[in-house]
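Undergrad: based on what follows, work out the 3D shape:
(chains A, B and C)
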Amino acid sequence: MLYKGKPVDLTPEQEEVATMFAVMLDTDYMTKPKFKENFWGDWRKILGRNHTIQNLDNCDFKPIYEWHQMEKEKKKQMSTEEKKALKEEKMKLEKYMWAIVDGVKEKVGNFRVEPPGLFRGRGEHPKMGKLKKRIHPSDITINIGKDAPIPECPIPGESWKEIRHDNTVTWLAYWNDPINSKEFKYVFLAASSSLKGQSDKEKYEKARMLKGYIQGIRNAYTRDFGNKDLTKRQVAVATYLIDKLALRAGNEKDDDEADTVGCCTLKVENVEPKPPNILKFDFLGKDSIRYQNEVEVELPVFKAIQQFRTGKQGGDDLFDKLDTSKLNTHLKELMPGLTAKVFRTYNASITLDDMLSRETKGGDVAENLVVYQHANKEVAIICNHQRTVSKSHSAQMTRLNEKIDELKGVIKELETDLARAKKGKPPLKNSDGKPKRNLNPEALAKKIAQTNAKIEKMERDKETKEDLKTVALGTSKINYLDPRITVAWCKRHEVPIEKVFNKSLLAKFAWSMDVDPSFRF
DNA sequence: CTAGGAACTTAGTAACGCAGTC
DNA sequence: GACTGCGTTACTAAGTTCCTAG
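TA: Numbering: from 1, shown residues only, chains lettered A, B, ... in the order given. Prediction:
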């Protein structure tokens, strides 16, 4: 290991860092090259938060950096045989990839335990930088059928914590999260399994059921905007926000978690009323993703929000009479099984269905796919599904622009040639002096048209690229859009389903493939 | 009711891998 | 054959919901 012998004389502070790194380097996680690159910038923050070191400026990171370079190089120079061996080693684990459930072979989702490493967390996480310890067999509880053979423990001399036979749950194994020992990590079946497929279908069926109730629910909460009972008024406004803005429920959070909010936990400072009836939202939601939105609301809602805010500090709860449990209890009175998250599914799916039916004009496959992507984007924006702009985005845009300029140059040249050809003159010589083929005006005009079409396509591509640089389309596709909407639409408009769903989505949504073409959400 | 345990879905991103390019 | 651009997959964090004991 790198720091077995001290490479240089270190100050006590440097020594502490070095020791820490030595521990880190002894973990699986650190052997991944990207780990260094992506977390390097955070080391200072991480160590600063969890250690008493004040000044890290003079710490010697160089040996660690060099160690990583060496590892990288080693991997690069690995012979094909060694690489093959590495792959085979991984394939050995394949037997852990499957489970027999009621006699059917099903794929297991996450069958490897999480390797040790540094916990980063998302956003300003209080536990950032904690060492995530290795999980041993003695930490793991296994859930299998009564007569099923107990999986062999892969570590010689060690054994599982416990073997259970609980057929009322779907997990295959669990262990306590080393970062927060009160929480659990589970091994579940993969998304493509019939168990998951079934519950997925039930989720969408529930959301479809909401369709039949939604008008009544909206009427009810609109009536209650002015209810004399403060709790009822808050329930009404919260339900309105969840319905209109697709906000999450918003459970209470502990002090040792990142400070984020959902609907029920919104703070006074998160919602600014701007007369006459605009609400300005600004808060950190799940994964510390910022939600910023200015929306026009009905006047009674605006008034109610103003009143909920009066006499409170910025950090106080906006809905002080409310929590997710009370809200969901109320929702259940309106429709069996209704909870806050159903609104997100409902609004996402209904929006897709609606936009597809309104905007599909019966064009070709490419045009239909543009319609689909547009609808998908609308949903992603409603649900606030964001992604960080890729590092190479601006470079990619520049390259696209260059290519377009290049083509524009080609057009100019072709136009000159066309003018000359019309007069019966031969085309000008190439920039490198070579003569060009003498084309007739018709051929040149055709070429110009072709090139123009190419430019137009590139301009469109450029626009969508820029448009989608911060929008994540995948999340809604995987979790919120009833696949039957997509499948039926594809059938109606002769779009191959493979153009919309990749391999894993096709597997996940296998249950939806035989839907009738007339299916509407 | 409330707190906390348990089980499940939803989420963004690092890493991988493949096709096209030079 | 290395490089690069880009979609896919793996990973695991961060939510929601349900349930039960006190």
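
Undergrad: how far off centre is stretch A:234-249?
TA: Chain-centre distance of stretch A:234-249: 23 Å, with Cα atoms, centre = their mean, to the nearest Å.

Undergrad: and stretch A:249-258, by the same measure?
TA: 20 Å.

Undergrad: got it, and stretch A:170-177?
TA: 23 Å.

Undergrad: swap in stretch A:201-218?
TA: 25 Å.

Undergrad: A:Ser357 contacts A:Arg520, correct?
TA: Yes. With contact defined as Cβ atoms under 8 Å, A:Ser357 reaches A:Arg520; the gap is 7.5 Å. The way it works is simple: take the backbone N, C-alpha and C, and place the C-beta from them, glycine included.

Undergrad: count the neighbours of A:Phe302 for me.
TA: A count of nearby residues for A:Phe302, using other Cβ atoms under 10 Å, gives 20.

Undergrad: wait, doesn't it sit right on A:Lys274?
TA: No. The criterion here is Cβ under 8 Å, and A:Phe302 misses it with A:Lys274 at 9.1 Å.

Undergrad: is the helix or strand harbouring A:Lys403 in proximity to DNA strand B?
TA: Following DSSP states H and E, the helix or strand that holds A:Lys403 is helix A:393-422. No. Looking at helix A:393-422 against DNA strand B by Cβ under 7 Å from any atom of the strand, there are no contacts, and the closest approach is 9.8 Å.

Undergrad: buried stuff in that helix?
TA: Buried residues in helix A:393-422, counted by 16 or more other Cβ atoms under 10 Å: A:400, A:404, A:413-414, A:417-418, A:420-421.

Undergrad: which one of those is nearest to A:Gly226?
TA: A:Leu400 (53.7 Å; Cβ to Cβ).

Undergrad: which outside residues touch the helix or strand encompassing A:Phe343?
TA: Per DSSP H and E: A:Phe343 is located in helix A:340-359. With contact meaning Cβ atoms under 8 Å, 6 or more residues apart in numbering, helix A:340-359 is reached by A:203-204, A:206-208, A:210-211, A:214, A:242-243, A:246, A:248-249, A:263, A:324, A:327-328, A:331, A:371-372, A:374-376, A:378-379, A:382-383, A:476, A:480-482, A:485-486, A:489, A:520-521.

Undergrad: DNA strand B next: which of the residues you listed are close?
TA: A:203, A:248, A:383, A:476, A:480.

Undergrad: if we can go back for a sec, could you pick out the buried ones from the contacts of helix A:340-359?
TA: The buried subset of the contacts of helix A:340-359 - by 16+ other Cβ under 10 Å - is A:203-204, A:206-208, A:210, A:214, A:242-243, A:246, A:248-249, A:263, A:324, A:327-328, A:331, A:371-372, A:375-376, A:378-379, A:382-383, A:476, A:480-482, A:485-486, A:489, A:521.

Undergrad: mark which of those are part of helices, please.
TA: Here DSSP state H is the test, and these give A:203-204, A:206-208, A:210, A:214, A:242-243, A:324, A:327-328, A:331, A:371-372, A:375-376, A:378-379, A:382, A:476, A:485-486, A:489 as lying in helices.

Undergrad: those residues: which ones sit near DNA strand C?
TA: Answer for those near DNA strand C (Cβ under 7 Å from any atom of the strand): A:324, A:328.

Undergrad: next up, the contacts around A:Ala507.
TA: Contacts of A:Ala507 by Cβ under 8 Å, 6+ apart are A:191-192.

Undergrad: tell me which element it falls in.
TA: Per DSSP H and E: A:Ala507 is located in helix A:503-508.

Undergrad: does DNA strand B sit close to that helix?
TA: No. If you take Cβ under 7 Å from any atom of the strand as the test, helix A:503-508 misses DNA strand B, and the best it gets is 10.6 Å.

Undergrad: and that helix, C-alpha only, in PDB?
TA: Included here for helix A:503-508 are C-alpha records, laid out as PDB according to Å, rounded to 0.1, in the frame of the first residue of the first chain:
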ATOM      1  CA  LYS A 503     -34.100  -3.000 -24.600                       C
ATOM      2  CA  SER A 504     -34.500  -2.700 -20.900                       C
ATOM      3  CA  LEU A 505     -37.700  -0.700 -21.100                       C
ATOM      4  CA  LEU A 506     -39.100  -3.300 -23.500                       C
ATOM      5  CA  ALA A 507     -38.300  -5.900 -20.900                       C
ATOM      6  CA  LYS A 508     -39.700  -3.800 -18.000                       C
END
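
Undergrad: now do the strands in chain A.
TA: Assigned by DSSP state E, the strands in chain A fall at A:98-101, A:104-107, A:117-118, A:131-132, A:141-143, A:162-164, A:173-176, A:184-187, A:271-274, A:278-284, A:290-296.

Undergrad: quick check: A:Lys303 vs A:Val237, distance?
TA: 10 Å (Cβ to Cβ, to the nearest Å).

Undergrad: ok, these two, which is more surrounded?
TA: For A:Lys303 versus A:Val237, the count of surrounding residues by other Cβ under 10 Å is larger for A:Val237: 26 against 16.

Undergrad: which ones are touching the residue lying closest to the more buried one once chain neighbours are set aside?
TA: Counting by Cβ to Cβ, 6 or more residues apart in numbering, A:Val237 lies nearest to A:Ala304, which is 5.0 Å off, once chain neighbours are set aside. Residues in contact with A:Ala304 (Cβ under 8 Å, 6+ apart) are A:225-226, A:233, A:236-237.

Undergrad: do you know the pLDDT at A:Ala304?
TA: A:Ala304 carries a pLDDT value of 95.

Undergrad: now swap in the one 4 residues further on and tell me
TA: Per-residue confidence at A:Phe308 stands at 95 (pLDDT).

Undergrad: A:Gln234 is in contact with that one, correct?
TA: Yes. Applying Cβ under 8 Å as the test, A:Phe308 and A:Gln234 come out as touching, 6.8 Å apart.

Undergrad: low-confidence ranges in the stretch 51-200 of chain A?
TA: A:51-93, A:129 (pLDDT under 70).

Undergrad: for it, what lies in contact range of DNA strand C?
TA: A:109-110, A:112, A:114-115, A:117, A:119-123, A:125, A:132, A:177, A:179, A:185.

Undergrad: buried among the residues you listed? Need that as a selection in ChimeraX.
TA: Buried residues within these, by 16+ other Cβ under 10 Å, are selected in ChimeraX with:
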select /A:109,114,117,119,120,121,125,132,179,185
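
Undergrad: ok, of the residues of the stretch 51-200 of chain A next to DNA strand C, which one's closest to A:Ala148?
TA: A:Gly109 (18.6 Å).

Undergrad: quick one: contacts for the closest residue to A:Phe281 other than its chain neighbours?
TA: Excluding its sequence neighbours, the residue lying closest to A:Phe281 (Cβ to Cβ, 6+ apart) is A:Asn293, at 4.7 Å. The neighbours of A:Asn293, taking Cβ under 8 Å, 6+ apart as the test, are A:245, A:280-281.
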